[in-house]
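S.K.: kindly generate the corresponding structure for this input.
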Amino acid sequence: MPKHIFVTGGVASSLGKGLTASSLGRLLKSRGLRVTMQKLDPYINVDPGTMNPFEHGEVFVTDDGGETDLDLGHYERFIDESLTRDSNATTGSIYSAVLAAERRGDYLGKTVQVIPHITDEIKRRIKRLSTDAVDVVITEVGGTVGDIEILPFLEALRQMRTDVGRDNICYIHVTLVPFIGPSGEQKTKPTQHSVTELRSRGIQPDIIVCRSEAPLSDNLKRKISNLCNVDEQAVVNAADARNIYELPLILHDEGLDRVVCEVLRIDAPIDLGPWQEVVAKVEAATKPVKIGLIGKYVDYQDAYLSVVESLKHAGFHHGAKVEIDWIQAEEVEGLLATARLSDLDGIVIPGGFGDRGFEGKIAAAGYAREHDIPCLGLCLGLQAMTIDFARNVMGLAEANSTEMNPATPYPVIDLMHDQRDVSDKGGTQRLGAYYAILEPGTRVWQAYGEPVVSERHRHRWELNAQWKQRLEAAGLRCSGLSPDRRLVEFIELDDHPFWVATQAHPEFKSRPDKPHPLFRELTAAALARRATRQPSLHVVDAAAPSVA
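M.R.: Now for the predicted structure:
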């Protein structure tokens with residue numbers, strides 16, 4: 001039977017429950033265990049697919065087409081496992097399932113209640129990950145203890161102890177130890193109150209992970225241990241780290257995985273060598289390179305979390321420290337005459353929906369094309385780059401997407417043939433992993449190093465197949481197609497340092513030790529541009545003899 005670890009949070013949101021859970025997952029994988037992960041979200045939306053990115057950050061997409069919480073991106077990047085839609089459940093999806101069952105008569109006319117029907121459905125969502133293919137299931141519960149909407153989840157977690165047995169369950173509570181400036185002290189009261197609230201729901205944490213700016217003293221750990229009824233060794237400090245990929249090593253030094261293994265009665269040695277190599281690469285990445293990210297949600301950077309991490313991964317590979325210049329898409333046209341864009345080493349045009357900022361993305365694509373700036377387009381980015389090419393290379397000034405202008409005379413971007421009815425905004429997209437066949441000798445073929453690739457999608461509009469032949473005749477290379485050759489998956493230009501786009505979201509498959517090929521090659525081209533733009537600096541050794 002698989003073991004279960006539950007991660008809850010208290011005091012404040014955004015403490016790092018997801019990163020704590022992800023780091024623990026990596027540590028347990030380093031012990032040779034098979035790990036899978038899950039996020040339970042208390043909000044009533046069925047999934048985050050229709051939520052504004054300013055509300056909830058990016059929507060992470062799984063291979064099987066699940067639109068999920070961004071924490072699943074952290075999970076995948078740390079444990080290097082492809083998760084499924086089953087790894088994310090919300091209050092909305094749980095109530096929808098229970099109500100559908102009630103309408104079918106599955107409850108035999110009984111009164112449907114939060115306990116047992118909602119809690120049973122929550123437990124069913126947890127247990128369906130408990131297969132013979134995994135040793136440990138780590139489940140993070142969103143929100144904080146004390147939130148009214150979290151109560152059914154806490155009750156389900158409490159019941160799980162009886163369902164699976166005490167030796168098969170571990171409760172971890174992530175809380176805050178703030179530093180109060182006027183008193184000059186770190187305060188444990190928020191942690192005490194949070195644990196008291198959790199215990200009032202019937203859950204005694206086995207481990208408390210204390211988030212803090214500075215390391216906790218042994219005396220503070222002892223105080224938390226005494227007042228919260230946990231072993232002193234089970235008070236784990238997660239002080240602020242230099243980078244998120246260092247966190248597994250910090251938590252290991254604090255003994256987190258060791259205590260978890262003791263609670264779950266797991267005996268497995270650890271090999272941290274591969275992850276230590278990852279952290280060493282992160283710390284060695286110092287060569288500067290500046291990438292402009294042209295987006296409409298740049299005021300909330302979590303909206304592009306996987307794109308940012310993919311750029312960092314590519315930087316680690318090349319020993320480069322990527323500086324991201326966050327550029328509001330709506331402002332691009334006003335920046336064309338300034339040095340803001342010309343000073344960039346590379347550009348990324350990410351995905352999105354709607355017409356706000358779209359003209360700015362088209363302008364950025366054109367600027368990159370005309371000034372030989374390496375540029376990578378993702379999803380809507382491919383569409384912007386296609387429209388720029390149609391307008392400014394083919395001379396079709398009114399070329400557009402039917403999403404932005406349904407009456408355009410040159411619809412080079414159009415709805416997929418089977419997606420004409422978009423009344424259900426959550427169910428009419430091309431979602432999940434799809435295969436593409438790459439054209440030999442192209443940049444994308446060289447980047448991937450294989451003829452057939454799989455990437456995740458999330459969109460409704462595509463490059464219009466009726467325009468493919470005319471675009472190619474004008475010089476746009478459609479370098480990757482769907483297996484039936486109906487859909488264009490990749491485009492590029494032959495006579496450019498790197499002007500490449502994909503209809504997919506490759507950022508979802510990048511890993512810190514395995515950067516995605518497209519981000520890796522974009523960064524290589526950006527470094528090459530930086531090297532040619534800046535004169536080499538030669539350091540003269542004063543002790544060396546001069547040569548006449």
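
S.K.: spatially nearest residue to the most centrally placed residue in the chain (excluding sequence neighbours)?
M.R.: Geometric centre of the chain, nearest residue: G73, 3.3 Å, by Cα atoms, centre = their mean. Closest residue in space to G73, ignoring its immediate chain neighbours: F60 at 4.5 Å, by Cβ to Cβ, 6 or more residues apart in numbering. Heads up, the C-betas are built off the backbone N, CA and C, glycines and all.

S.K.: partners of the one you found in the sheet?
M.R.: T68 (DSSP bridges).

S.K.: wouldn't it be in contact with E507 here?
M.R.: No. The criterion here is Cβ atoms under 8 Å, and F60 misses it with E507 at 9.6 Å.

S.K.: what residues are shared contacts of those two?
M.R.: S306 (Cβ atoms under 8 Å, 6 or more residues apart in numbering).

S.K.: distance-wise, check the residue nearest to G73 relative to P517.
M.R.: As defined by Cβ to Cβ, to the nearest Å, F60 lies at a distance of 20 Å from P517.

S.K.: more crowded one of those two?
M.R.: It is F60, of F60 and P517, that has more neighbours when counted by other Cβ atoms under 10 Å, with 28 against 19.

S.K.: ok, that one to L431 distance?
M.R.: In terms of Cβ to Cβ, F60 sits 12 Å off from L431.

S.K.: ok, L108 next?
M.R.: Where L431 is concerned, L108 sits at a distance of 35 Å (Cβ to Cβ).

S.K.: and D271, by the same measure?
M.R.: Distance from D271 to L431, by Cβ to Cβ: 37 Å.

S.K.: looking at these two, which one has more neighbours?
M.R.: L431 (20 against 11).

S.K.: the more buried one: what secondary structure?
M.R.: strand (DSSP: H, G, I helix; E, B strand; the rest coil).

S.K.: what is the neighbour count of the closest residue to it other than its chain neighbours?
M.R.: Ranked by Cβ to Cβ, 6+ apart and with sequence neighbours excluded, the top spatial neighbour of L431 is G65, at 3.7 Å. Look at G65: counted by other Cβ under 10 Å, it has 17 neighbours.

S.K.: which residues touch G65?
M.R.: For G65, the contact set (Cβ under 8 Å, 6+ apart) comprises R85, L431, G432, A433.

S.K.: and it, how close does it get to C261?
M.R.: G65 is 35 Å from C261, by Cβ to Cβ.

S.K.: which strand residues bridge the closest residue to R485 other than its chain neighbours?
M.R.: Leaving aside its chain neighbours, R485 sits nearest to I437 (7.7 Å; criterion: Cβ to Cβ, 6+ apart). Here I437 sits in beta bridges with V452, L481, as judged by DSSP bridges.

S.K.: look up how far G449 lies from I437.
M.R.: 14 Å.

S.K.: where in the stretch 301-450 of the chain is pLDDT low?
M.R.: Applying pLDDT under 70 to the stretch 301-450 of the chain flags the ranges 417-428.

S.K.: can we see that at 80?
M.R.: Scanning the stretch 301-450 of the chain with the threshold set as pLDDT under 80 gives 416-428.

S.K.: that older thread, okay, and the common contacts of F60 and L431?
M.R.: E67.

S.K.: the stretch 151-300 of the chain: strands as residue ranges?
M.R.: 169-176, 179-180, 185-186, 207-212, 235-239, 287-295 (DSSP state E, counting those that start in this stretch).

S.K.: and if you look at the stretch 351-500 of the chain?
M.R.: Under DSSP E, counting those that start in this stretch, the stretch 351-500 of the chain gives strands at 375-378, 399-401, 410-415, 430-438, 452-459, 461-463, 477-481, 488-492, 499-502.
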